[in-house]
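**Student:** got a sequence here, can you model it:
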Amino acid sequence: MLRVTTEFLGPKDEPNIHDVAYSKKNAQEKVLKPLKLKPTGHCVDIKIWRAEHLPITDDYGEGIDAYIKVRYAGNYKDTKDISSLNPEWNQNIKIACVLPNQSKAVNFELWDKDLFSKDDLVGTFKVDFKSFQDKMLEPKWANLYGPPPSADNEFAEKMTLYGYDQGSYYRGRVLYSIGSYNDPHPKSNVSDIKISFPDNPKPNAPSKTYLFRVDIIGANDLPPRENCIVSVSIGPYLLKSEPVKIENGTCEIYQQLEDKRVNLPVNADEMPDIFVYFQDEAKIDRRHSFIRLKAKDFLNPSDDAVKTFKLKEDKSLDLVTDEEFPGIIYARIQLFGSNPPERRPLNHHQTEKLKYQMRCYIYVARNLPAADKEGTSDPFVTVKCAGKQGRTETRENTLNPGFFECVTIDNLELRDLRKEVDMPVGLSVCVYDADTHENADVESD
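**Tutor:** Below you'll find the model as predicted:
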């Protein structure tokens with residue numbers, strides 16, 4: 001129960017003197033009580049079967065000592081730890097609880113056990129309680145995501161903890177089953193599951209072979225690096241373009257990556273996400289920016305249109321400065337479950353380059369965030385196109401600046417804009433806060 005006394009005092013009002021006798025007499029009228037609910041004993045029944053494609057996390061670079069921690073309603077249990085990149089636990093975890101409670105999901109954490117230091121978190125996923133309440137689900141795969149193995153900063157820690165939403169790198173998958181049932185006297189425990197054939201064989205989730213096809217057209221608004229490599233992954237499978245030189249933030253790639261046969265779950269919701277990366281070297285720790293896509297959105301497409309993918313910086317590696325854009329990739333990504341069509345050659349609409357003048361009229365900005373400790377900002381605007389940029393003058397001490405300037409960029413070398421092009425020209429507009437002591441702070445783009 002919650003017992004409350006509330007007063008509102010205006011100017012020159014005197015606070016009320018608390019009358020204990022009156023309070024006791026009228027206590028029942030002023031007590032806020034929850035609805036009367038009868039608690040019910042309940043048991044969450046989890047079967048942890050195995051994991052695949054786990055990353056190497058040991059300092060000596062040989063493997064991982066993997067175990068899984070399951071949490072629900074304030075209770076938790078761990079599996080045994082196994083030294084393998086593809087561990088098989090075959091264990092049954094039961095977690096006792098009472099219904100109703102405030103826990104909406106069961107949380108799974110995969111850890112690497114260390115003898116002489118703190119255990120390392122590898123990845124997490126969660127399962128909504130209502131999706132399995134009072135029934136047992138069939139075995140299914142849960143994918144793990146996080147930062148690249150070499151990443152080591154606060155963003156990497158956040159990616160590991162919330163990898164299911166924020167991760168930039170596939171970290172393996174876990175096969176599990178889950179269900180629940182009422183039990184008047186539930187107990188939490190861990191036990192081994194005996195696997196035998198044919199009575200109790202190893203479980204699996206249905207899978208099949210797909211064809212993964214990627215055509216890379218090009219990229220623009222890239223950070224100023226020497227080379228551009230575009231890599232595309234789905235689970236443990238990786239396709240990668242040959243390096244192409246970047247000129248003025250743009251590169252025309254026009255490469256058809258080799259078709260790849262991939263084994264994935266039949267259930268599209270269990271498929272690992274697709275990642276598209278921009279990198280300047282063929283190393284995982286040189287992936288500057290990325291975009292994460294749902295595989296089912298590219299399954300058996302009805303057309304072969306080239307799509308535009310706006311990348312974002314991988315902050316766990318921190319390879320893109322505030323003044324740089326993470327880039328835009330133009331590509332065709334397809335995943336075929338059966339009867340893939342014959343691959344068509346890329347049509348390279350190679351038109352001549354012309355010199356253009358670009359004029360961007362900057363008028364006003366409104367409701368900018370405060371960037372200085374005084375609660376104001378010193379904003380200016382930059383405009384970038386095809387590797388060149390211009391900017392406005394700085395407006396000091398304002399969150400609602402009026403610029404009324406024309407930013408002009410001369411001698412832009414672009415494909416003939418009057419003709420069909422495969423790769424549209426990008427125009428980027430950024431608002432910065434000028435800082436006399438440090439680099440300018442990006443407010444928005």
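
**Student:** pass me the low-pLDDT residue ranges in the chain, would you?
**Tutor:** Along the chain, the model assigns pLDDT under 70 to residues 1, 20, 22-35, 59-61, 349-350, 436-445.

**Student:** buried sites along stretch 120-132?
**Tutor:** For stretch 120-132, a neighbour-count test (16 or more other CB atoms under 10 Å) marks 121-125, 127, 129, 132 as buried. Backbone N, C-alpha and C define where each C-beta goes, glycine included.

**Student:** looking at the residues you listed, which are in strands?
**Tutor:** Counting by DSSP state E, those place 121-125, 127 in strands.

**Student:** tell me what Ile93 is bridged to.
**Tutor:** Here Ile93 sits in beta bridges with Ile46, Val190, going by DSSP bridges.

**Student:** what is the burial count for it?
**Tutor:** When counting by other CB atoms under 10 Å, one arrives at 26 neighbours for Ile93.

**Student:** check contacts around it.
**Tutor:** By CB atoms under 8 Å, 6 or more residues apart in numbering, the residues touching Ile93 are 45-48, 70, 77, 79, 189-190.

**Student:** could you find the closest non-adjacent residue to the residue positioned nearest the centre of the chain?
**Tutor:** In the chain, the residue lying closest to the centroid (CA atoms, centre = their mean) is Gln166, at 2.5 Å. Leaving aside its chain neighbours, Gln166 sits nearest to Met159 (5.2 Å; criterion: CB to CB, 6 or more residues apart in numbering).

**Student:** shouldn't the one you found be within a helix?
**Tutor:** Yes - assessed by DSSP: H, G, I helix; E, B strand; the rest coil, Met159 belongs to a helix.

**Student:** closest to Gln255 out of the ones in strands among the buried residues of stretch 120-132?
**Tutor:** Closest approach to Gln255 among those (CB to CB): Gly123, at 31.7 Å.

**Student:** the closest one and Asp165 touch, don't they?
**Tutor:** No - assessed by CB atoms under 8 Å, Gly123 is found out of contact with Asp165, at 12.0 Å.

**Student:** please, where are all the helices along the stretch 151-300 of the chain?
**Tutor:** Using DSSP state H, counting those that start in this stretch, the helices found in the stretch 151-300 of the chain span residues 154-161, 163-166.

**Student:** now do the longest one against strand 120-128, angle only.
**Tutor:** What separates the directions of helix 154-161 and strand 120-128 is an angle of 50 degrees, with axes from the mean of the first three to the mean of the last three CA atoms, to 10 degrees.

**Student:** buried sites along helix 154-161?
**Tutor:** Of the residues in helix 154-161, 155-156, 158-160 count as buried by neighbour count, 16+ other CB under 10 Å.

**Student:** now that helix: how far from the chain's centre is it?
**Tutor:** Its chain's average C-alpha position is 11 Å from that of helix 154-161, according to CA atoms, centre = their mean, to the nearest Å.

**Student:** packing partners for that helix?
**Tutor:** The contact analysis (3 or more CB pairs under 8 Å, 6 or more residues apart in numbering; DSSP states H and E) places helix 154-161 against strand 120-128, strand 140-146.

**Student:** rewinding a little: tabulate the buried residues of stretch 120-132 (TSV), appending distance to His18.
**Tutor:** Formatted as TSV, the buried residues of stretch 120-132 follow (distance: CB to CB, whole Å):
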residue	distance to His18
Leu121	50
Val122	55
Gly123	54
Thr124	49
Phe125	51
Val127	49
Phe129	43
Phe132	50
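
**Student:** what's the closest of those to Glu313?
**Tutor:** Nearest member of these to Glu313, counting by CB to CB, is Gly123, at 21.1 Å.

**Student:** in the sheet, who's paired with that closest one?
**Tutor:** Bridge pairing for Gly123 - DSSP bridges - gives Leu110.

**Student:** likewise for the one 4 residues further on?
**Tutor:** With DSSP bridges as the criterion, Val127 is bridged to Val106.

**Student:** isn't it up against Gln133?
**Tutor:** No - using CB under 8 Å, Val127 is not in contact with Gln133; the gap is 10.9 Å.

**Student:** cheers, nothing more for now.
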